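[1] from the sequence below, what's the structure:
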Amino acid sequence: MIERNGMRFLALLVLTTAIIPGVQGQTDWPTFGHDPGGQRFSPLKQIDVKNVSQLKLAWSYNTEAQVEEGPAAEGRGRGGRGRGEAAARGAADAGAPGTPAAAARGGRGRGGFSRGRQSETTPLVIGNVLYMSTAYNRVVALEADTGKEIWVYDLKSLGTPGMRGINYWPGDKVSPPEVILGTNAGKMLAINAKTGTLVPGFGQEGVVDLRKGVADDFPDQNYGLPSPPAIYKGVIITGSGVPEGPQFGVSGDTRGWDASTGKLLWRFHTVPQPGEPNHDVWQDDQWKNRGGANTWGYITVDLEHGIVYVPIGTPNVDFWGADRKGQNLYGSSLVALDAMTGKMKWFFQATHHDNWDYDLQAAPALITVNRDGKKIPAVAQYSKEGLLFILDRLTGKPIFGVEERPVLRDNPTPGDENWPTQPFPLKPPPLTRNSFKPEEVSTVTPEHEKFCKDLLQSEGGVMTGGPYAQYGPKLRVIFPSVIGGGNWGGISFNPQLGYVFANSQNLATIGKLAKTADGSRYSRQGPADSPDGLNGRFWEPEKEWPCEQPPWGVLSAVNANTGEIVWQVPLGEFPELTAKGVPKTGTPNLGGSMATAGGLVFIGATIDHMFRAFDARTGKELWATDVGVAAHAVPITYQGKNGKQYVAIMASGGGFLASPSAPGKLWVYALP
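    Numbering: from 1, shown residues only. Okay, here's the model as predicted:
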């Protein structure tokens, strides 16, 4: 116990220095973006481009069971892929593309998996203690170099932890170091990081009811906290998860809380109220009780300037805005707030009158841009449209320019008034496909080509076009889909190179708008005869092969100082297509990347169940290992007390890409 307390005391010291900008040698991963500004960059370089191919499994932690040690753990629970323990172990240990292990990966079979609860959690490491929430209503503290449990807290009736993880506050003179998290039941908890027990002075015996003040009039609507809150000094800043319908309901406002007491400090109205700036863009009383306009993704913090950056989603309802006419501020906008007061400093709307569900939810990454001999403090915001907006973080002005361009309005829905223009950054170009023509249909196999062409003939023929092709009464293919493009996985940034790394998927929605059963509004529907049903993905669902020409998944590097794309490579593969001689296609993907001073970019995300490392300078794939199911999460790296650098990622499958699921497992790798 003395040793554990000692480690936790060290954690406080390490975190206190780690979050100060400019401090070097930081070896932990103290917050979900590594630093509060969300760069997801580690200065560790023990693992580098020369030795990354030697990575081996150090330990794994099954969130439904216990720690598993060594490479043998990798072969367990893989029945659905038709592979034995030895083959699975070989793929993980050798792992390099082109090796026999890589060829052994086989197909993406759907059977044989133990169904698990989806987790997209990012663990934290402070002072050799790894903290992590699980999908099984637990928060755990583990020894970071062995995975041995230090403590476990069971949330029981408080709900399931937000699926993207937790945050850490080092405490103050009256409060201990705390693990802060929210649940899907609308609770926010403060857990003593030393003991694993609730902090009595926080809220009511360690729990704050987040529903109070925002959901009082809508007791039957859900309200939760799917992503970890941000923390600035002693202020906890929360977003929310709210229903995407009906039009009116629970508020998506952003709020600030006292980290010691849990008391509400401020509230920012994401739909401006009377007397507030930009309230006049809302017509009539359409602002009243407007649902949506919430932040279900990540919030980041500028410690130097005391600014919090909040990406906001679409106001309700998605796809049809007849009763929310106009721009719909602050829907689909990045808003900069004073972290201590919640007062708005500036905003930038990335999608006007959003009828595509193109929420802004990726973490705004705080970077430095070197331009014309000046160092500009910037914020990089990645969107579902695959657009990367690089803005001056103090003013919100685009560094490379943004142009309002006319968009098609050729599929009108009764009562709605689509906005005539949308903003496009002049640099960099879009990082994902944003239009489609019938002649661009996939031809990877004759059978797949026929499936996709038949799909395009649904209901007498499908409209195409873009960018910002409109949903309407006529069935249409729309790029990107409702899940992007980009998504919550966002970007990572290597400040040594000045490179931004972004993953994207080229996946469309095929859909139309039709009246709801009660005739009160319009909602999105997929083709009536599509095997994918109302989901409306433009792919062959059993194979999960998209219906346009590859690449279907891409990893890009952008030079933040010039706005130019440095390299783009396919991200992921379908082994069954590779075996047919089809060049690497990439796959649909959800999750994010991490960059290191070792010149590497690590990423899972793909539906081929692989976890990969790329050369940050060239995009060359250097290492890959099979983690059993899709790792729809963000990896981390840290140094253990034994001096080893570890790389870790959560894999559980599931989610919007219909990935097979299994009980979530944290996979942790190191050099031999």
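[2] mind listing the strands for the stretch 401-550 of the chain?
    For the stretch 401-550 of the chain, applying DSSP state E, counting those that start in this stretch gives strands covering 402-406, 421-425, 476-478, 491-494, 499-505, 509-515, 522-525, 539-540, 545-546.
[3] pick the most deeply packed of the ones you listed.
    Compared across the strands of the stretch 401-550 of the chain, strand 499-505 shows the largest average neighbour count, a mean of 29 (mean count of other C-beta atoms under 10 Å). No exception for glycine: its C-beta is placed from N, CA and C like everyone else's.
[4] packing partners for that one?
    Here strand 499-505 touches strand 491-494, strand 553-559, strand 593-596, going by 3 or more C-beta pairs under 8 Å, 6 or more residues apart in numbering; DSSP states H and E.
[5] distance check, Ile367 against Asp392.
    11 Å (C-beta to C-beta, to the nearest Å).
[6] in terms of neighbours, single out the busier of the two.
    Ile367 (25 against 15; other C-beta atoms under 10 Å).
[7] doesn't Leu497 make contact with the more buried one?
    No: Ile367 lies out of contact with Leu497 (C-beta atoms under 8 Å); the separation is 11.4 Å.
[8] could you give the mean pLDDT of the helix or strand hosting Val310?
    Taking DSSP states H and E as the criterion, Val310 maps to strand 307-311. Averaging pLDDT along strand 307-311 yields 98.
[9] pLDDT of the following helix or strand past it, averaged?
    As assigned by DSSP H and E, the chain's next helix or strand after strand 307-311 is strand 333-338. Mean pLDDT, computed over strand 333-338, is 98.
[10] just checking, what packs against the next helix or strand along the chain from strand 333-338?
    The first helix or strand that comes after strand 333-338 along the chain, using DSSP H and E, is strand 344-349. If you count contacts as 3+ C-beta pairs under 8 Å, 6+ apart, strand 344-349 packs onto strand 333-338.
[11] from Asp318, how far off is the closest residue to Lys288 other than its chain neighbours?
    Nearest residue to Lys288, sequence neighbours excluded (C-beta to C-beta, 6 or more residues apart in numbering): Phe248, at 7.5 Å. Distance of Phe248 to Asp318, computed by C-beta to C-beta: 14 Å.
[12] between the two, who's got more neighbours?
    Asp318 (21 against 17).
[13] show me what contacts the nearest residue to that one once chain neighbours are set aside?
    In this structure, Asp318 finds its nearest non-sequential neighbour in Asp357, 4.2 Å apart by C-beta to C-beta, 6+ apart. When contacts are counted by C-beta atoms under 8 Å, 6 or more residues apart in numbering, Asp357 touches Glu244, Thr314, Asp318, Phe319, Lys384, Val482.
[14] give me every residue that touches Ala528.
    If you count contacts by C-beta under 8 Å, 6+ apart, then Ala528 has Ser458, Glu459 around it.
[15] distance of it from Gln457?
    Relative to Gln457, and taking C-beta to C-beta, Ala528 is found at 13 Å.
[16] so for Ser260, what's the pLDDT?
    97.
[17] low-confidence ranges in this protein?
    1-25, 65-116, 529-535 (pLDDT under 70).
[18] ok, longest strand in it?
    Longest strand in the chain by number of residues, with DSSP state E as the criterion: strand 659-670.
[19] got the buried residues for that one?
    Of the residues in strand 659-670, Ser659, Pro660, Ser661, Ala662, Pro663, Gly664, Lys665, Leu666, Trp667, Val668, Tyr669, Ala670 count as buried by neighbour count, 16 or more other C-beta atoms under 10 Å.
[20] and the third one, bridged to which residues?
    The bridge-partner assignment for Ser661, based on DSSP bridges, gives Gly653.
[21] quick one: it from Ala631, how far?
    12 Å.
[22] could you do Gly386 as well?
    Applying C-beta to C-beta to Gly386 and Ala631 gives a distance of 21 Å.
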